[in-house]
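Engineer: I need the structure of the sequence given here:
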Amino acid sequence: MIRRNRASTAPAGGDIGPYVYDDNGEAAGRPRRRGPSIKAVLLIILLLVLVIAAIGGILLWQRVSKFNDSVSTASAASSALWGPLGGDGRVNIALFGYGGPEHKSGNYLADSIQIMSIDPKTNTTTVIPIPRDFWIEGQNEIPDNGKINEAFAIGHARGGIDGGARLSARLLTQVTGLHIDHWIAIDFSGFEEMIDAVGGVEIRNPRRFRYTWNEWKWSHGVWDAMFQKGYLQLDGAQALDYARARYTNLAKESSDFARSVRQQRVLSALRAKLGAGGLSSIGPGLTLMDALDGKMRTDLSAFDLLLLSSHLNPDYRIELKEGRVLEATTSTDGQYILVVVGRADGSDYAPLKDYLRRHLAHLSRKAARPTPAPSSSP
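Structural biologist: From the prediction side, this is the model:
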């Protein structure tokens with residue numbers, strides 16, 4: 001018998017067809033409508049994800065571009081580090097910390113000067129703290145001679161923060177022999193807000209010390225606060241105090257060298273807060289951008305700052321310690337200053353250049369040395 005479908009006659013009860021009939025002419029019910037296939041649903045979901053990602057990417061780029069334009073002299077779409085960080089030569093970046101307009105004394109003197117030297121061949125980073133009492137003679141950047149931290153203030157008077165950073169970077173190149181490729185400058189309030197933006201940092205303090213910001217109190221043994229030994233959770237204000245304290249009850253913690261070590265502890269803890277990179281670091285990175293907007297200047301793009309973030313926890317340090325490469329003396333007006341050991345005259349920086357060249361070469365060889373395989377003996 002031939003099966004046929006009839007849609008011309010509705011069953012009793014007046015329901016409107018079409019109906020499907022069986023071989024006996026009985027209505028079998030309405031035909032079932034088929035929904036979209038699984039493939040179609042997945043395709044729609046994929047398209048939605050792509051649209052959301054595209055919109056999110058545009059919004060993210062707009063936010064990054066706005067931040068870049070507020071802090072950098074470079075274009076947001078540029079990268080000065082992408083090639084060099086994959087090359088053979090060292091990349092040297094100067095980091096400057098300064099007081100700024102809210103700092104009542106010593107406005108725009110560089111309170112912290114460090115060189116971050118990156119060796120792309122071994123993917124290692126060496127930090128070189130430069131004491132702010134390092135005495136400069138015979139250089140046009142400080143025509144009347146003076147401490148190296150004065151260069152930032154001189155440059156600022158001529159061309160703002162960018163001028164201060166450029167002049168200081170040029171001076172560093174001349175007296176250290178290391179070509180300073182780029183620079184970053186951040187003021188105290190920016191440093192504090194940066195730490196608060198990530199919810200504070202945890203550092204390990206190796207020794208307890210008391211401190212004050214008043215020189216008279218320091219000379220009379222009167223202290224304002226104390227940092228305990230051990231692991232400390234620091235907010236922005238505490239981290240800034242920890243990084244800058246110089247009037248302490250311990251000689252080991254009162255020098256520029258000790259301050260640079262504490263500053264590096266804070267930066268390393270900040271790097272840990274940024275995560276391992278990738279998508280997990282986008283949130284903390286955006287938070288930092290908000291905190292640093294208007295508080296930082298650099299000649300690197302926002303993309304370069306992202307590349308540089310993985311180097312905030314250095315592998316090595318070179319300390320310009322007294323008695324080894326620098327020695328303490330006083331200037332003609334009685335200031336405490338540091339000068340180069342073995343110099344032929346006040347403007348001779350050859351011994352310092354040689355010292356840094358030899359030590360950086362040694363660290364490169366050390367980093368390139370293969371790691372010994374673990375012993376298989378029980």
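Engineer: from residue 168, how far out is residue 136?
Structural biologist: 11 Å (CB to CB, to the nearest Å). For glycine as for every other residue, the C-beta is placed from the backbone atoms N, C-alpha and C.
Engineer: more neighbours: which of those two?
Structural biologist: residue 168 (29 against 22; other CB atoms under 10 Å).
Engineer: residues in contact with the closest residue to residue 224 other than its chain neighbours?
Structural biologist: In space, residue 224 comes closest to residue 212 once its chain neighbours are excluded; the distance is 4.4 Å by CB to CB, 6 or more residues apart in numbering. Going by CB atoms under 8 Å, 6 or more residues apart in numbering, residue 212 touches 218, 222-225, 247.
Engineer: mind running it again at 7 Å?
Structural biologist: 218, 222-224, 247 (CB atoms under 7 Å, 6 or more residues apart in numbering).
Engineer: what of residue 179?
Structural biologist: 92, 173.
Engineer: looking at this, it is in a strand?
Structural biologist: No. Assessed with DSSP: H, G, I helix; E, B strand; the rest coil, residue 179 is coil; it does not lie in a strand.
Engineer: check the residue nearest to residue 224 and give its pLDDT.
Structural biologist: pLDDT for residue 212: 94.
Engineer: just the strands in the stretch 51-200 of the chain please.
Structural biologist: For the stretch 51-200 of the chain, applying DSSP state E, counting those that start in this stretch gives strands covering 91-98, 110-119, 124-129, 135-136, 146-147, 182-187.
Engineer: distance to residue 193 and mean pLDDT for the ones you listed - can I get that in TSV?
Structural biologist: Shown next, in TSV, are the strands of the stretch 51-200 of the chain (distance: least, CB to CB, whole Å; pLDDT from 0 to 100):
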stretch	distance to residue 193	mean pLDDT
strand 91-98	14	95
strand 110-119	17	94
strand 124-129	23	95
strand 135-136	32	96
strand 146-147	28	96
strand 182-187	10	94
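Engineer: and the spatially most central residue of the chain, what does it touch?
Structural biologist: Central residue of the chain (CA atoms, centre = their mean): residue 309, 4.3 Å from the mean position. Residues near residue 309 by CB under 7 Å, 6+ apart: 271, 274.
Engineer: still on that earlier bit, would CSV of the contacts of residue 212 with neighbour count be doable?
Structural biologist: Listed next are those as CSV, based on neighbours: other CB atoms under 10 Å:
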residue, neighbour count
218, 19
222, 11
223, 15
224, 14
247, 18
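Engineer: what is the nearest of those residues to residue 202?
Structural biologist: residue 224 (22.8 Å; CB to CB).
Engineer: in helices only, show me the contacts of residue 212.
Structural biologist: The members of those that map onto helices under DSSP state H are residue 218.
Engineer: from the contacts of residue 212, which is closest to residue 176?
Structural biologist: Taking the contacts of residue 212 together and measuring to residue 176 by CB to CB, the closest member is residue 247, at 28.4 Å.
Engineer: any idea how far residue 218 is from the residue nearest to the centre of the chain?
Structural biologist: 36 Å.
Engineer: cool, and residue 311?
Structural biologist: Counting by CB to CB - residue 311 and residue 218 are separated by 35 Å.
Engineer: now name the helix or strand holding residue 338.
Structural biologist: strand 336-340 (DSSP states H and E).
Engineer: can you spell out which helices and strands pack onto that strand?
Structural biologist: If you count contacts as 3 or more CB pairs under 7 Å, 6 or more residues apart in numbering; DSSP states H and E, strand 336-340 packs onto strand 135-136, strand 326-330.
Engineer: minimum distance to residue 208: which of those strands has it?
Structural biologist: When the helices and strands packed on strand 336-340 are compared by CB to CB, strand 326-330 sits nearest residue 208, at 26.5 Å.
Engineer: with just CA atoms, put the closest one into CSV.
Structural biologist: Taking Å, rounded to 0.1, in the frame of the first residue of the first chain, the C-alpha atoms of strand 326-330 are listed here in CSV:
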residue,chain,number,x,y,z
LEU,A,326,84.0,55.1,45.2
GLU,A,327,85.4,56.9,48.2
ALA,A,328,83.9,59.4,50.6
THR,A,329,85.2,62.9,51.0
THR,A,330,83.8,66.5,51.3
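Engineer: pull the residues that contact that strand.
Structural biologist: 134, 320, 322, 336-341.
Engineer: repeat that for 10 Å
Structural biologist: By CB atoms under 10 Å, 6 or more residues apart in numbering, the surrounding residues in contact with strand 326-330 are 131, 133-135, 319-322, 335-343, 351-352, 355.
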